[in-house]
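Visitor: how does the following fold in three dimensions:
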Amino acid sequence: MRGLAVFISDIRNCKSKEAEIKRINKELANIRSKFKGDKTLDGYQKKKYVCKLLFIFLLGHDIDFGHMEAVNLLSSNKYTEKQIGYLFISVLISASSDLMKLVIQCIRNDLVSRNPIHITLALQCVANIGSREMAESLSIDIPSLLVSGDTIDSVKQSAALTLLRLLRTAPELQMGEWTSRIIHLLNDQHMGVVTSAASLIEALVKKNPEEYKGCVSLAVSRLSRIVTSSYTDLQDYTYYFVPAPWLSVKLLRLLQNYPPPEDPSVRTRLTECLETILNKAQEPPKSKKVQHSNAKNAVLFEAINLIIHMDSDPNLLVRACNQLGQFLQHKETNLRYLALESMCLLATSEFSHEAVKKHQDTVITALKTERDVSVRQRAVDLLYAMCDRTNAEEIVGEMLEYLETADYSIREEMVLKVAILAEKYAVDYTWYVDVILNLIRIAGDYVSEEVWYRVIQIVINRDDVQGYAAKTVFEALQAPACHENMVKVGGYILGEFGNLIAGDPRSSPIVQFQLLHSKYHLCSPSTRGLLLSTYIKFINLFPEIKPQIQEILGSKNNMRNPDVELQQRSIEYLQLSSKATADVLATVLEEMPPFPERESSILAKLKKKKPSSVAETAIETTKEHKAMPAAQINSDGQPTLQISSPSSAGSADLLGLDIGGMSAPVDSSSSGGGGQSASDLLVDILGGPVPGGIGGGVGVGTTNGLDSSGLTVGAEENFLKFITKLNGVLYENDLLQIGVKAEYRQNLGRVGLFYGNKTSFQFTQFTTSISCPGQLSTQINVTEKPVDTVMEGGAQVQQMYNIECISEFTEAPILNISFISSGSNQKLHLKLPVSINRFMEATEMNADSFFTRWKALSQPEQECQKIFKATSSQDTELTKAKILGFGSSVLEGIDPNPDNFVSAGVIHTRNQQTGVLIRLEPNKQVEMYRLTVRSTKGSVAQTICEFLETQF
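Guide: Next up is the predicted model:
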């Protein structure tokens, strides 16, 4: 095209921007006149002028004509003209253009033609634009092209990738009759077709795994042929001596969408594939080039991810761990990073945890010597994940040592992890106190309020550590440079337990007071307020230093302080110490009672800081109560030394070590005094009244047929009926009855809803939709089959829902129904009866196996316990039926008490399995239950416990 070449040359020769614009405007005027005036333009001329318009657009100028001429080029039989037409449309025509219907018709004409070049051009255009309108219009043409036996391989590749592009634009696109034929593309002779099809099938599987589960055996078969072949067998698809690495990776990822194959032959073949990949990793490299090692390691790491996902073969898991251990000392930084990240996942498996621990020294060395901060962060994550009671002191010590020189970007996270590990695995709580005080000393700026709140709570609740804590914090306060958080901890602990060390002249009352007051003027107003509360406590503990304290309280700096809080405290404390009698003073300022035990809030803070971390997920907390070390909190959110009413110190079960019986004594003064019922006392042992949670009340504060949560009245109550059964009536009124029939298998479920029209009149505009509140849309996948919009009188209509559990969840999907009956618009908002226990598979085990696992899940965040009043009959057979209906097993002869019920199950999600152990202890004399649920994931234990509580 000589004219185009001359125009481009003219533009390049322009000396200024103005000259370029002038030349472009001249050319645009010429092209416009040609398009309008010359009706005899041939295809070559149209192509030339369209090319010029395209070039002008690429220079940054707007083009508002020529679109129709470009569409006309699509009808040409010449490749160059059709190519330019498609190129112009892909670049300049928007998906909402009026010309799009005409473009789609031209594309359809090319797709049904027998010219593979024209078909490929059309597919490329569809993939570039990828509009929803194209997806709807070509949803039959492209799949039929893909599975047709007449289509050549290169066109099949383009068709598969184009279909993948449309699926991303319109996820609701259905393959229908093409499903099985698309799956069998994995058996195609052409490796390029298989590679393209693997990407398409993976996207389809993520949307509807049940429909495409037939791909598992085909993927395993194809993978087996690849990994067992020589690099010379697949010469065209061998990359640096690695056969088809991209296809191998895609197949391994595809298999991670399903649980381990149930067919023994397929499972054995998959195991052999994974073993072969691990064996090849041990072979000497066939090339020294980096491309060879990259391709080989890409396949290896994806195979290890599949092994971790399956989590069923101890031999493979240990071998994977050993292979990753070799990478920990590799010279490549990226390999070390990936090895540490994968080992974090392995550390959460019961089969490979011990194997991971063998690499502890190597990980500690990496923490100290790595240059890359991201690798050091992964080393911290792995140490945190591999920690247990046997190595906790060593790991915490190493992390504390590293914390002194750690990067500022990871210090806060390290502080949280050290605090969590010290609390979880503390056998001697003097060690725990030492660790937290060291944390404050080394990284005080990064110690959050949750950390020092928690240490105070633990010290107050444990008599055996109070004296040691007072002595240790007193010594720490003597340092010249003392962090303010240390002053807070010191002020609180000495105010409560300073009398335990007052016998030593080196820590006499006056010395304690002077030491604390020497820090007073260096602290923030909130800390000063806490110290003032400590001073008034000192007056009760040490009457001999009352004058010195009153002098401080009555000083001008305090009495006229611009901070209202400090001024008020100074005046009130001075008046209290001056006018109250010794007995009143002793009563008001007595030692704080033990706190009702609550879950550590440090876990919740770590989860919020790093929600995507796998290591943290393994010990995720289930409660988000803040562990405030006092019942009273001032306006700044700081704890104050509570002025309490007379009380007898009740025993509290710190960290869930032992509840000590169903009627353990609890101090009533902590809730403001007064009597409490037996059930209130039992609940207080666990840290406050049980929240409404999942089993909250129904129909409270209803308006216009909806309850306070926006659901139809009775929806919550009806939902809870399906916790222990699969079939029944979900909702019924004078117009409509909704029945449910459901079935589940591992992480997949199918729920059938039966809508019955109870009237003799027709329902019109009958529509249903599913909404997922909060994060639920990322936790489960719900696909529904449409239902007819018209329902005849007396008719029954069935609608099926396919459910996939991606990860654990607590909420239920909302079923929204609307229809018109006798001219009146009706709307219903119900909970679809889908709960996490529905994806539980009952597990059988003997007593030794059960108690071994029960003891392994002994950490506070892995347990949820509730004590509650029985709301239904405590009949043994009825209780068994409910447990079995819940989805777990009933294990006979496990518990020494024959009246107790012991149960076990495994919850299946897309990527992992979570074990659940249940113990239900009925007390028929007082008609109460104690329910304990333990799980590898705290959130699962909490949810299961709340569901079960509603059933008994």
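
Visitor: from now on I want contacts and neighbour counts done on CA atoms only, so please keep to that.
Guide: Noted.

Visitor: let me see the contact set for residue 159.
Guide: Residues near residue 159 by CA atoms under 8 Å, 6 or more residues apart in numbering: 123, 142-143, 145-146.

Visitor: okay, now residue 869: neighbour count?
Guide: 18 (other CA atoms under 10 Å).

Visitor: rewinding a little: from the contacts of residue 159, which ones fall inside helices?
Guide: 123, 142-143, 145-146 (DSSP state H).

Visitor: so residue 803, which of the three states?
Guide: Recorded secondary structure, residue 803: strand (DSSP: H, G, I helix; E, B strand; the rest coil).

Visitor: hmm, back to that, most surrounded residue in the ones in helices among the contacts of residue 159?
Guide: Greatest neighbour count in those, by other CA under 10 Å, goes to residue 146: 27 neighbours.

Visitor: please list all residues in contact with that one.
Guide: Residue 146 makes contacts with 155-156, 159-160, 182, as judged by CA under 8 Å, 6+ apart.

Visitor: for those residues, point out the one with the lowest pLDDT.
Guide: Among the contacts of residue 146, residue 182 has the lowest pLDDT, at 90.

Visitor: any idea of the pLDDT on the residue nearest to that one when sequence neighbours are not counted?
Guide: With sequence-adjacent residues excluded and distances taken as CA to CA, 6 or more residues apart in numbering, residue 182 is closest to residue 147, at 6.5 Å. Per-residue pLDDT puts residue 147 at 89.

Visitor: now for residue 147, how many residues are close by?
Guide: Neighbour tally, residue 147, other CA under 10 Å: 20.

Visitor: and if you look at residue 712?
Guide: Number of residues near residue 712 (other CA under 10 Å) recorded here: 23.

Visitor: and the nearest residue to it once chain neighbours are set aside, bridged to which residues?
Guide: Distance criterion CA to CA, 6+ apart; nearest residue to residue 712, sequence neighbours excluded, is residue 706 at 4.5 Å. In this entry, residue 706 is beta-bridged to residue 703, residue 712, by DSSP bridges.

Visitor: what's the neighbour count on residue 706?
Guide: The burial count for residue 706: 18, using other CA under 10 Å.

Visitor: my guess is residue 468 contacts residue 430. True?
Guide: Yes: counting by CA atoms under 8 Å, residue 430 is a contact partner of residue 468 at 6.8 Å.

Visitor: and residue 944, which of the three is it?
Guide: helix.

Visitor: what number of residues lie near it?
Guide: Residue 944 is flanked by 24 other residues according to other CA under 10 Å.

Visitor: from residue 888, how far out is it?
Guide: Here the distance between residue 944 and residue 888 works out to 11 Å (CA to CA, to the nearest Å).

Visitor: and residue 574, what's its pLDDT?
Guide: 92.

Visitor: helix or strand for it, which one?
Guide: helix 564-579 (DSSP states H and E).

Visitor: distance from the chain centre to the very next helix or strand once past that helix, please.
Guide: Remark: after helix 564-579, the chain's next helix or strand is helix 582-588, criterion DSSP H and E. Offset of helix 582-588 from its chain centre (CA atoms, centre = their mean, to the nearest Å): 51 Å.

Visitor: likewise for stretch 714-727?
Guide: From the chain centre to the centre of stretch 714-727 is a distance of 26 Å (CA atoms, centre = their mean).

Visitor: buried ones in it?
Guide: Using 16 or more other CA atoms under 10 Å as the test for burial, stretch 714-727 gives 714-727.

Visitor: cool, and stretch 63-70?
Guide: 66-67, 69-70.

Visitor: what's the farthest-apart pair in these?
Guide: 66 and 70 (6.4 Å; CA to CA).

Visitor: who touches both of the two?
Guide: The contact lists of residue 66 and residue 70 share residue 50, where a contact means CA under 8 Å, 6+ apart.

Visitor: quick check: buried residues in the helix or strand that contains residue 465?
Guide: Per DSSP H and E: residue 465 is located in helix 463-477. Within helix 463-477, the residues scored as buried using 16+ other CA under 10 Å are 465-474, 476-477.

Visitor: quick one: those as JSON lines, columns for pLDDT and distance to residue 917 too.
Guide: Putting the buried residues of helix 463-477 into JSON lines (pLDDT from 0 to 100; distance: CA to CA, whole Å) gives the following:
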{"residue": "465", "pLDDT": "91", "distance to residue 917": "33"}
{"residue": "466", "pLDDT": "91", "distance to residue 917": "35"}
{"residue": "467", "pLDDT": "93", "distance to residue 917": "38"}
{"residue": "468", "pLDDT": "93", "distance to residue 917": "37"}
{"residue": "469", "pLDDT": "93", "distance to residue 917": "37"}
{"residue": "470", "pLDDT": "94", "distance to residue 917": "40"}
{"residue": "471", "pLDDT": "94", "distance to residue 917": "42"}
{"residue": "472", "pLDDT": "94", "distance to residue 917": "40"}
{"residue": "473", "pLDDT": "93", "distance to residue 917": "41"}
{"residue": "474", "pLDDT": "94", "distance to residue 917": "44"}
{"residue": "476", "pLDDT": "92", "distance to residue 917": "44"}
{"residue": "477", "pLDDT": "93", "distance to residue 917": "46"}
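
Visitor: residue 590: which of the residues you listed is nearest?
Guide: Closest approach between these and residue 590, by CA to CA: residue 466, at 15.5 Å.

Visitor: phi first, then psi, for the closest residue to the closest one other than its chain neighbours.
Guide: Using CA to CA, 6+ apart and skipping the chain neighbours, the partner closest in space to residue 466 is residue 459 (5.6 Å). Note on residue 459: backbone dihedrals following degrees, to the nearest 10 are phi -60, psi -40.
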